[in-house]
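> quick one, what's the 3D model for this:
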Amino acid sequence: MLPILVLAQRQRTTKWESGTLEKNQKVGVWEYYSYAANGEQIVTQKYDHTAGKLVYCRPDDKEYLAETEPGKWTNTPLTQAPWFIGGHEALAAYIAKLKYPAQAESREVQGRVVVGFVIDTLGQVSDHKIMRGIGSGCDEEALRVCRTVPGNWVPGRIGSRAVPVRYELPFTFRLH
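Modelled structure (predicted):
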């Protein structure tokens, strides 16, 4: 009699994602969600973790600064915007690691810091820069946290061609 190999697969569904785990690794197509103001669940991304391919992403009609030709950066609409694998909610988990700088807290500094970085044609990130800052240690803290975000990005595309894209990520500092 031949031994039967049973793979330990299980379905995982949370408020933000749904898919199959095999040996605690995501396999197959996973759906990632956001929620509309009325509470309606919206599929923002479907990613095939086995094939390493984006299957679906919610359309994004905003323009991005992209390298359309070698050395030439242009604000342009993309056929496919860059997407963090796991969607906006997975990206928000990194942003949540933000710590309020003591100097900003003592001076009651609040506001939004925007960090820009380049997502290359392989989905890796580099060239982190403060695009808009508020000082008192907040800029440095936003930059520190942004650098912890892994290079789990699906690159932006113009037509079928992947292009480097400058992406801007906002960090909000608010005292409670």
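> quick check: buried residues in stretch 131-138?
133-134, 136-138 (16 or more other C-beta atoms under 10 Å). (Glycine included, C-beta is placed from N, CA and C.)
> now render the residues you listed as CSV, adding secondary structure and distance to residue 38.
Shown next, in CSV, are the buried residues of stretch 131-138 (DSSP: H, G, I helix; E, B strand; the rest coil; distance: C-beta to C-beta, whole Å):
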residue, secondary structure, distance to residue 38
133, coil, 35
134, coil, 32
136, coil, 37
137, coil, 38
138, helix, 33
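> which one of those residues is nearest to residue 21?
Closest approach to residue 21 among the buried residues of stretch 131-138 (C-beta to C-beta): residue 138, at 37.2 Å.
> turn the buried residues of stretch 131-138 into CSV, including pLDDT and distance to residue 163.
As requested, those are exported to CSV (pLDDT from 0 to 100; distance: C-beta to C-beta, whole Å):
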residue, pLDDT, distance to residue 163
133, 97, 27
134, 97, 31
136, 96, 36
137, 97, 34
138, 97, 31
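> buried ones in the helix or strand of the chain with the lowest mean pLDDT, by neighbour count?
Here the helix or strand of the chain ranked lowest by mean pLDDT, DSSP states H and E is helix 87-95, holding a mean of 86. Under the neighbour-count criterion of 16+ other C-beta under 10 Å, helix 87-95 has 87-91, 94-95 buried.
> counting contacts, what elements does it pack onto?
Here helix 87-95 touches strand 17-22, strand 25-35, strand 41-48, helix 138-146, strand 165-173, going by 3 or more C-beta pairs under 8 Å, 6 or more residues apart in numbering; DSSP states H and E.
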